Structure formats: C-alpha cells, structure tokens
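Engineer: need the 3D shape of this:
(chains A and B)
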Amino acid sequence: GESVGLHLPTLSVQEGDNSIINCAYSNSASDYFIWYKQESGKGPQFIIDIRSNMDKRQGQRVTVLLNKTVKHLSLQIAATQPGDSAVYFCAESSNQGGKLIFGQGTELSVKP
Amino acid sequence: ETGVTQTPRHLVMGMTNKKSLKCEQHLGHNAMYWYKQSAKKPLELMFVYNFKEQTENNSVPSRFSPECPNSSHLFLHLHTLQPEDSALYLCASSSGQVDTEAFFGQGTRLTVV
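Structural biologist: From the prediction side, this is the model:
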C-alpha cells in the first residue's frame, strides 16, 4: 500500500552547518510531495513542495530534491539555525488535492 | 497564524464523557480534514470533507463522529473514548484542487482518563 517514511528519527547538527533530511516513498504514482515543519506545540507548517515533473526546487535556505528512480525525497537546509529545530515531515499527495500521507518525521536538533 | 483555528487547545475527558472539537478556517477553502497525531507515529488521516460532503472515512471507530455544517467549519464529536485515543488532533484545510498543500491548525491535545 501507500506509505511514506523517513530514514532517521533524529538528526543533530551544529549551528551554521547544512542539514539533510531524507524521505522514502513507496507509491510510484505519487506526483506531489511536501515538506512540513512542526515546532513543539504547533501544527505542521508548509515549507516547500515539489511536483514529480521536477528534480529540484529551491526556496529560502531550503532545497528539495526528488529522485523518482529510487523514490527518494530530501530536504536540505542551508546554514541551519536554532530556529530550525523542529520535527520535519515529508508528505505525499494522492490524486485528490490536499489528501496527504505523512512519513514518521525526523526531529532536527541544532546545537549552538 | 495559518488561518485555521482549533478549539479547545487542550482537553481532558473521561471515558464516559461527550465532547466536541471545533475547527474553523478563514481561507476560503473547500476541503477540510481531521488528522490524528500520536507520539512517535505519522499523522493519520481520519476524515475528509469536500464542499461539506464527507468523501473519506479512514476506518475510524464510530466513537469519533465528524460534522461539517459548512465549508468553513468542521467538528469532531467524541463519545466513550478510550485512553489510547489520547493524541493531538489536527484539523487542516485546502482548496481541494490537485497538488495543493494543506494548512493546519494548532491542534487539540486530547487526554482521555
């Protein structure tokens, strides 16, 4: 069945370093992917998305890479800051807009 | 502020109680969702509403009863819950179109005692 999962449950990086958070998905028919950030006590917040006709998309300090061959998604955060500490989820969209299937999440900790 | 407001933020209820969670979106969206988030588990989709009509029920027990009176409001009625139902319940909305993100509320932290 459909599933989206993350490789690592926790990631610790030094402030200023780059962070890479990975995600694997199993449904080869998925055509839309989103990264969400969830801070403690808050709901998930949209970071960046990518459609399956793209391999890479850049935002402010964030880049999402999509490798459809191996069904792998990654989120790169440049110059990681303490405010980036949160749980990051990848999500896969079904053919119905907004219905999202979520991975387990990676908790990012930024050391000062 | 994401435009999706959930109340209450915290709720403690006994197993014989009846309570309701409320969600309101101010984004003009046509689709609304309930998700359950338990510790160390992915967000689990519970219900989907499009234009006030329920389009998906993800095998949710009948002790959870959703209601969508209009496109802006979504309720989750709770009755005779179990301790394992304790979780963060998240409401989300979207335009309902393909390939668009969902916007989430802050969630209701539910504890069943």
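Engineer: how close does A:I101 get to chain B?
Structural biologist: For A:I101, the distance to chain B (CB to the nearest CB, to the nearest Å) stands at 7 Å. Where C-beta positions appear, they are placed from N, C-alpha and C, glycine not excepted.
Engineer: flag every residue of chain B that's near chain A.
Structural biologist: By CB under 8 Å from any CB of the partner chain, the residues of chain B that approach chain A are B:2, B:4, B:6, B:31, B:33, B:40-43, B:45, B:48, B:55-56, B:90, B:92-107.
Engineer: looking at chain B, which helix or strand is least sure?
Structural biologist: Every helix and strand of chain B was ranked by mean pLDDT, DSSP states H and E. The lowest is strand B:53-57, at a mean of 87.
Engineer: now the element after that strand, going C-ward?
Structural biologist: The helix or strand immediately downstream of strand B:53-57 is strand B:64-70, counting by DSSP states H and E.
Engineer: ok, that following strand: who's next to it in the sheet?
Structural biologist: Strand B:64-70 sits in its sheet next to strand B:73-79 (antiparallel), going by DSSP bridges.
Engineer: for the helix or strand following the strand it pairs with, C-alpha coordinates in PDB please.
Structural biologist: Sequence-wise, the next helix or strand downstream of strand B:73-79 (DSSP H and E) is strand B:87-94. Extracted C-alpha coordinates of strand B:87-94, given in PDB (Å, rounded to 0.1, in the frame of the first residue of the first chain):
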ATOM      1  CA  ALA B  87      -3.400  12.200  21.000                       C
ATOM      2  CA  LEU B  88      -3.100  15.500  19.200                       C
ATOM      3  CA  TYR B  89      -6.000  16.100  16.800                       C
ATOM      4  CA  LEU B  90      -5.200  18.300  13.900                       C
ATOM      5  CA  CYS B  91      -7.600  20.000  11.500                       C
ATOM      6  CA  ALA B  92      -6.500  21.100   8.100                       C
ATOM      7  CA  SER B  93      -8.000  22.700   5.100                       C
ATOM      8  CA  SER B  94      -7.100  23.000   1.400                       C
END
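Engineer: what lies in contact with strand B:87-94?
Structural biologist: Residues outside strand B:87-94 that contact it (CB atoms under 8 Å, 6 or more residues apart in numbering or on different chains): A:43-44, A:97-98, B:3-4, B:6, B:21, B:23, B:25, B:27, B:29-39, B:43, B:74, B:76, B:100-105, B:107-110.
Engineer: quick one, that strand and strand B:73-79 angle?
Structural biologist: Relative orientation of strand B:87-94 versus strand B:73-79 (axes from the mean of the first three to the mean of the last three CA atoms, to 10 degrees): 160 degrees.
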